[in-house]
Every structure is written in structure tokens, then in C-alpha cells.
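>>> pasting the sequence and the predicted model now:
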Amino acid sequence: MQTYLVGGAVRDKLLNRPVVDHDHVVVGAMPEELLALGYKPVGKDFPVFLHPKTGEEYALARTERKTGRGYHGFVFQADATVTLEQDLARRDLTINAIAQDEHGALTDPCHGVRDIEARVLRHVSPAFVEDPVRVLRVARFAARFAPLGFTVAAETMALMQQMVRDGEVDHLVPERVWAETRKALGEPQPSAFLRVLRECGALAVLFPEIDALYGVPQRAEFHPEIDTGVHLEMVLDAAARIAPGDDLVGFCALTHDLGKALTPAGELPRHVGHEHRGVAPLRVLAARLKVPTEHAALAELACREHLNAHRAFELKPATVLKLLGALDALRRPARLDSFLAACEADKLGRLGHEHDNYPQAAYLREARAAAAAVDAAAFVAQGLTGTAIGAAMEAARIHAIATLKTNHSPS
């Protein structure tokens, strides 16, 4: 029995990146042998075990054979006869098909080291086309490694385009699409995720509401990049800078402008009312992908209210309080922070405005603090009861915000 470190751990070591997960492959063993050594089984589809001391994953070397459509259409062989090279050959990308033994020696039959040096995302074999999840994984790896200069190999992109034409992507289950999308939104350059999916044709299949934004013009004086799809890419990358790794902010950024695809042609390039038009397609997208409730709820608020955040200094104090109430910000200040991060990303996601200030965020946080400081106890002490307390608190909060606004400069 021999064990090897494989996949992302080896890749990230070679890239001098932090290694988060240590995955191992076991060659020349049967499940019973690992059980006898105290390993705990966790795999459902094929034998995967947890090390009795480290808790790290150890999977028996395996091969796989396509038997049907989609992600689940495979049968696996995992026994002592499967070689390390056979196991590596069934992996998705060459950079993920490198193994390292206990002495540090590499096994690299697919030339993954060469592709790491060349900064190329390349498929291991023609069997790549058998698993549609790999289309999403390549796009996600592009979002992670684009800042390092990685691009998708032309022949790999051609295979992905073929998979879309053959309908393989149509068989992806919503849960898996969301899982990969969520990870991509937490990567350093999420725009690459959209670009790769769009180039291979999968964006139109999986995210038609987002694909529809490309080619839709905006007013050049506000959006020098003009194309709404390009703007969205810039917003996603701005969100990744403002809130690194935060997929909640990323999802709000992804869906905040869906209404612009529904603007009547005669009104272009203006988009009056797009914040309200965008709610319906956002709900459809969130339901289709089974997006978590908080992601869907906050994204809807960001879609509907982001223009109010942008013009915060123009809003009446009562309207500011209403905005804070819609966000439930007095009870959940972190929710306001996520909302404001998405709004700031929208402002910075414009050509030539990447480094603008966004004083609206500080103002709305201060307004939230001023409103939250109003306490019911003072009104109870005055003898107020019932709804009169609520009315008095609202008036006091509006007054507190009005006082803040008088003293606040948007510079």
C-alpha cells in the first residue's frame, strides 16, 4: 500500500499558495485494509476514508466509466489493481493531476507542472467531456487563478463548447451549479467565471438572466464602459476587492442590475426603473438554483435599493430610516455592511472609477448608529404606552438622522 498527496495540495504548493486541504490517494489497497488500520469510511459513491489521527481524506485509487448523462452517470472501479497513473488520468485538469510521495517526488504523467509554469488550464484527456460539472470547475479555477495569468487552453475551450452543444450542461443539477457559483463568487476575479462560461456558451444555458445583460448599452457619461455585461464583470471584481471571499456580497453584485436586460429598446441607453424590473428575474434565478434564503433576500434588497444608497445624501431623513428598516439594519448591522459593500462595488465597477470614494457607506452606517441609539426607555419614563412609544421612537430616529445629515459632508 502506498499513499500520495494529490490534487490541489500539490498544485498550490507549486504555486507557492497556502494549502488548505490535504487530499491523498491510496494505491495497492482494498477498503478492508484501511478499515483495519482505523480509517473511517465517508465515501458514498466510491471508497473515501478519513485518517484516524489527522482527519485528512484518503481515497482509493479509482477509474471511472461514463454510463449515462450528467454528473451522476458514472460507474467506478476502486481496488488494489488501479495504478496511480490511472487515477490521475481520470482527473479534470492537468494542474490537478499531479501526485507527490512522502519523499517529495512528483508523479506528473499529464504534464501539469509544465502547465502551471505556462499558466494554462488544460484538460487531462478527452474523457473531460463526460462530466458537465467540469465546465463550471474550469470557470471557477479561472476566477481563482486569472490574477496569476492563467488562461483556458484553446483545445479545452473547444471541448467545453462541444459539451454545451451536446446538451451535457443541461443535465447539471441546481445544487451543483450553485455550489460552484458560490465558490467562484468568493474567488479573487469572479469576472473570469462569467467570461469563461460565456465563451463556451454555458452562461446562456445556466444563467440566461445574466447572459442577457451583454450588449445592453448604458449612458456613457455614467458608464464609460457602456456594455452592461462589462459593467457587471467590473462590479464583481470590485466586490471581490471590497469583501474578499464573501459570496453573499458577490451574489448581490451578480444580480443587482438584472433589470437592465428588460429595459424597453426605445428607452435605451437610459434604464429608468431597472431596479424594480430586476426583482422578477432575480427571483426566478434564485429559485432555479435553490439559492440560500439570505442570499436571495439580500440580493433582492440590493437590486431594489442600490440607487437609494447611491443618492443617500439626497434622501430625506425619513426615507433613510425607511431604507434602514427595509434592511433590518437596526437589529442586524452586518446586513447593512454586506448591502453597502455591494453598492460600493456597483459604483466602483465603472471604467475610470475603480478608485472612487463612496462616502455614502459611512453616512448610512452613522445614520444606522444614530437611529439605533434611540431607546424606548426614555419614552416609557415619560408615561407613553403602546403605539405612542413606537411613534415617538420613529420621530426621534428621524430627528437623529436629520441632525447627522446637517453635520455630515459628502466630500
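Happy to help now that I have it. Numbers count the residues shown, from 1 in each chain.

>>> right, and the helix or strand after the helix-or-strand element of the chain with minimal mean pLDDT?
Evaluated with mean pLDDT, DSSP states H and E, the helix-and-strand set of the chain has its lowest mean pLDDT in strand 74-77, which scores a mean of 64. Reading on from strand 74-77 to the C-terminus, the next helix or strand found by DSSP states H and E is helix 84-89.

>>> partners of the helix or strand following that next one in the sheet?
Beyond helix 84-89 on the C-terminal side, the first helix or strand identified by DSSP H and E is strand 99-100. Looking at strand 99-100 with DSSP bridges, its paired strands and their directions are strand 2-6 (antiparallel), strand 106-107 (antiparallel).

>>> pick the most buried one from those strands.
Each of the strands paired with strand 99-100 was scored by mean neighbour count; the highest is strand 2-6, a mean of 20, by mean count of other C-beta atoms under 10 Å. For the C-beta atoms, the positions are set from N, CA and C on the backbone; glycine is no exception.

>>> and the helices in the stretch 151-300 of the chain, which stretches?
Along the stretch 151-300 of the chain, the segments classed as helices by DSSP state H, counting those that start in this stretch run 154-165, 174-185, 191-200, 202-206, 208-211, 228-242, 247-255, 274-277, 279-289, 293-310.

>>> tell me which of these sits most buried.
Greatest burial across the helices of the stretch 151-300 of the chain, using mean count of other C-beta under 10 Å, falls to helix 247-255, with a mean of 28.

>>> buried ones in stretch 86-99?
87-88, 90-99 (16 or more other C-beta atoms under 10 Å).

>>> which residues touch stretch 195-209?
135-136, 138-139, 142, 152, 157, 160-161, 163-165, 169-170, 172, 177, 194, 210-211, 214, 229, 233, 255, 258, 261, 281-282, 284-285 (C-beta atoms under 8 Å, 6 or more residues apart in numbering).

>>> just the C-alphas of that stretch, formatted as PDB.
Provided in PDB are the C-alpha atoms of stretch 195-209 (Å, rounded to 0.1, in the frame of the first residue of the first chain):
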ATOM      1  CA  ARG A 195     -16.200  35.200 -19.300                       C
ATOM      2  CA  VAL A 196     -15.300  31.500 -19.500                       C
ATOM      3  CA  LEU A 197     -18.900  30.400 -19.200                       C
ATOM      4  CA  ARG A 198     -20.000  32.900 -21.800                       C
ATOM      5  CA  GLU A 199     -17.200  32.000 -24.300                       C
ATOM      6  CA  CYS A 200     -18.200  28.300 -24.100                       C
ATOM      7  CA  GLY A 201     -21.900  29.100 -24.300                       C
ATOM      8  CA  ALA A 202     -22.800  27.800 -20.900                       C
ATOM      9  CA  LEU A 203     -23.800  31.200 -19.500                       C
ATOM     10  CA  ALA A 204     -26.800  31.400 -21.700                       C
ATOM     11  CA  VAL A 205     -27.900  27.900 -20.600                       C
ATOM     12  CA  LEU A 206     -27.300  28.200 -16.900                       C
ATOM     13  CA  PHE A 207     -27.700  32.000 -16.300                       C
ATOM     14  CA  PRO A 208     -29.800  33.400 -19.100                       C
ATOM     15  CA  GLU A 209     -30.700  36.400 -17.000                       C
END
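
>>> average pLDDT across it?
Averaging pLDDT along stretch 195-209 gives 98.

>>> check stretch 277-286 too.
98.

>>> just to revisit the earlier point, turn the buried residues of stretch 86-99 into CSV, including distance to K44.
Rendered in CSV, the data for the buried residues of stretch 86-99 read as follows (distance: C-beta to C-beta, whole Å):
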residue, distance to K44
D87, 18
L88, 22
R90, 18
R91, 19
D92, 20
L93, 24
T94, 28
I95, 27
N96, 22
A97, 23
I98, 26
A99, 24
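
>>> put together TSV for the helices of the stretch 151-300 of the chain, with distance to P52 on each row.
Below are the helices of the stretch 151-300 of the chain laid out as TSV (distance: least, C-beta to C-beta, whole Å):
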stretch	distance to P52
helix 154-165	39
helix 174-185	28
helix 191-200	38
helix 202-206	40
helix 208-211	45
helix 228-242	38
helix 247-255	33
helix 274-277	55
helix 279-289	38
helix 293-310	37
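
>>> got the buried residues for stretch 142-150?
Counting neighbours by 16+ other C-beta under 10 Å, one finds that the buried residues in stretch 142-150 are 142-146, 150.
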